[in-house]
Structures are given as structure tokens and as C-alpha cells.
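**Q** Generate a structure from the sequence data that follows.
(2 chains)
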Amino acid sequence: MKFMFNCKEMSEICCDEDRKLSIAQKMMYWMHIGMCKACAVYKKQVEFMSKVMKKTILERSVADEEKVSKLEKEIIEKISKGA
Amino acid sequence: MAKQFEHFRSPEFLKKLNERDHGAITEVVNAYTTHLYRTGMGMNMAEEKVQDICHNTWATFFEILPKFEGRSHVRTFLFGIFYNKCSEAYRQNGKFEKTDPIEDVMESRFSDKDHWSNPISDPERHVNEVQMIDIIKKCMEGLPLQQKAAFTLRVVEEKETEEVCNILDVTNTNLRQLLFRGKNRLRECVEKTAQL
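**A** Now for the predicted structure:
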């Protein structure tokens, strides 16, 4: 039986928000974070970067309503004409 | 929002689209163009390019619609086309990479026993938070499209894993790899830039 994740596994877990850990695995994970400074720093960095990246993408994801509306009309016209 | 467009899955609606029914075309184009537009802008593409890609995406969508078997939602099918168009644009700009150097970088980061071979340096020791955010934004530009797209779809838009896999045409394992590589590539770039 395994009692501890190694740092490579920790790096994968830190990047995988979908991964479901069992209670025992969660304990192993937090124990490792408590003991390994490198993994604690890595985890903090990955979380911060993901947060900034998400915020940046959301800020950039703007669509001028008028431009989109014009574009929609052009597309509808083009597709309908091609019928 | 998604439930509002559930009828797009129905054979009757798909038939109308295939027959180029004006009402059906208007409905589907108005339902998703803003979303396509925003996604393109979120990937930091020039607005004109985004408009071009939207045009091409819809043209291809209607061109290949007769082959669409309705196994996935129309939205998934459409976004799959959209990301292919974005990939083409990236390739034309020479931003496309066949191999990902982050694989080797990450391998070299670990010792034989899979522990960090060198201590992880904390960029925050060299730069403040505002500078750090600037560096992250710059480094984001260097991410390959698929990694950026995986992050956008799964983390920003919070789409279900299955839908993201269908849109990007990758397996669940590949999707995890894309997210892992993207985050590490970003981290490596930030670390390197902050230390300069």
C-alpha cells in the first residue's frame, strides 16, 4: 500500500481539477503539501496562474453587440442565398 | 440557456436546417454567433480574424450538415468546426507546433525517484503581483491553441468533460494532458521571464 504521493504525481494532481481523490488520497495529498515546500509553491503558482488566465480570457471575451448583429445578418443572408 | 436550444437536436429541426429553412437558419445562427465571437476574442485573436472565422465556421457547418448524424448536440458539432478553423488560422500564422517541448522540460524537472530535481523557484520573490499578472498575460500568448482551447472550454466556460472532448476530438486522457501541459508551460514561461 502506498503512503505518500511523489512530487511528479503531486504536479499532476495539482493541475487536474477534475480528479476525484479518496479520503485517504486527500490525506496523502495534504500531508505532502505540508511537508514539501516545492510542491506547496508549485500548487500556489498553478492556482494563481489559472485564476489570472481565467480572468484574462473572460475580460477579453467581449463582443460588440452591433458588430455581432451585423455579422449574424450577413451569415444568415449568405447561407439562405446558397440554398 | 442550454435547455432553450434542446430542440436543435430534433430530427425535424435538423431537416429544416438541411432544407435551408430561413427561420431555422436565423434561430441557430442567432443562438451561437455571439458565443463563437466571444470565444475567438477570448483567445486574443484580431477582431477581423474572429469575424472571418465565424463566417467560415457557419459556411462549413451548413456544407457538412447533411453528414451530421445528430449523435452530439448541434453546439458541439459547431464548436468542433470552430476550433478546426482556429487551428487552420494558427497554422497559417506559423503558431502551430507538432511536438510540445514542455514534455522534455517536465521530465527534466524530476529525479529518478520522481521528486523535484531542483527546488521550484517562486517568481513572486522577483516581481510584484501586478508585474506577475502582466507576465502571465504575455506567456499566455505562447500557449498552443489546443491547450488554450482546452482551458477555455473546461475551466472558463465550465463545459462538461465529455463535451470538451467531443469538440476538440480528443480522449479524456488527452484532455487531462492538454490541461497539464498548458498549465506547466505557462508556469515555466512565467518562472523564466520573472527571473530575467
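**Q** where along chain B do the helices fall?
**A** With helices called from DSSP state H, chain B shows them at B:11-18, B:22-42, B:47-64, B:74-92, B:102-109, B:129-140, B:145-151, B:161-168, B:172-195.
**Q** Go through these and name the closest to residue A:57.
**A** Taking C-beta to C-beta, helix B:22-42 is the member of these nearest to residue A:57, at 4.4 Å. C-betas here are computed from N, CA, C, even on glycine.
**Q** residues touching the residue positioned nearest the centre of chain A, list them.
**A** The centre of chain A sits closest to residue A:50, judged by C-alpha atoms, centre = their mean, with a distance of 5.7 Å. Residues in contact with residue A:50 (C-beta atoms under 8 Å, 6 or more residues apart in numbering or on different chains) are B:151, B:155, B:183.
**Q** mind running it again at 7 Å?
**A** Contact partners of residue A:50, counting by C-beta atoms under 7 Å, 6 or more residues apart in numbering or on different chains, are B:155, B:183.
**Q** That one: what secondary structure?
**A** Three-state assignment for residue A:50 (DSSP: H, G, I helix; E, B strand; the rest coil): helix.
**Q** And it, how close does it get to residue B:93?
**A** Relative to residue B:93, residue A:50 is positioned 26 Å away (C-beta to C-beta, to the nearest Å).
**Q** so how many other residues sit close to residue 55?
**A** Answering for chain A, as no chain was given. Residues within reach of residue A:55, counting by other C-beta atoms under 10 Å in any protein chain shown, total 14.
**Q** The chain in question should be chain B.
**A** Residues near residue B:55, counting by other C-beta under 10 Å: 16.
**Q** Now do it against chain A, distance only.
**A** 6 Å (C-beta to the nearest C-beta, to the nearest Å).
**Q** What pLDDT is listed against that residue?
**A** Here, the pLDDT recorded for residue B:55 equals 97.
**Q** What residues does it make contact with?
**A** Counting by C-beta under 7 Å, 6+ apart, residue B:55 makes contact with residue A:75.
**Q** Only the buried residues of stretch B:79-95, if you could.
**A** Neighbour counts over stretch B:79-95 (16 or more other C-beta atoms under 10 Å in any protein chain shown) mark B:79-87, B:89-90 as buried.
**Q** now the helices of chain B in TSV, with distance to residue A:10?
**A** Compiled in TSV, those are given as follows (distance: least, C-beta to C-beta, whole Å):
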stretch	distance to residue A:10
helix B:11-18	47
helix B:22-42	30
helix B:47-64	38
helix B:74-92	31
helix B:102-109	12
helix B:129-140	22
helix B:145-151	20
helix B:161-168	22
helix B:172-195	12
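**Q** Of these, which stretch is the most buried?
**A** helix B:145-151 (a mean of 23; mean count of other C-beta atoms under 10 Å in any protein chain shown).
**Q** Do it and chain A come into contact?
**A** Yes: residues of helix B:145-151 contacting chain A under C-beta under 7 Å from any C-beta of the partner chain: residue B:151.
**Q** which strands and helices sit next to that helix?
**A** Using 3 or more C-beta pairs under 7 Å, 6 or more residues apart in numbering or on different chains; DSSP states H and E, the elements in contact with helix B:145-151 are helix B:74-92, helix B:161-168, helix B:172-195.
**Q** cutoff 8 Å now
**A** Judged by 3 or more C-beta pairs under 8 Å, 6 or more residues apart in numbering or on different chains; DSSP states H and E, helix B:145-151 is in contact with helix A:37-60, helix B:74-92, helix B:161-168, helix B:172-195.
**Q** Need the residues that contact that helix.
**A** Contacts with helix B:145-151, where a contact means C-beta under 8 Å, 6+ apart, come from A:50, A:53-54, A:57, B:43, B:83, B:86-87, B:90, B:95-96, B:140, B:143, B:164, B:167-168, B:170, B:175, B:178-179, B:181-183, B:185.
**Q** Please repeat the previous calculation with a cut-off of 7 Å.
**A** A:53, B:43, B:83, B:86-87, B:90, B:164, B:168, B:175, B:178-179, B:181-182, B:185.
**Q** from the residues you listed, which is closest to residue A:8?
**A** Comparing the contacts of helix B:145-151 against residue A:8 with C-beta to C-beta places residue B:181 closest, at 14.2 Å.
**Q** With adjacent residues omitted, what lies nearest to residue B:9?
**A** residue B:73 (5.8 Å; C-beta to C-beta, 6 or more residues apart in numbering or on different chains).
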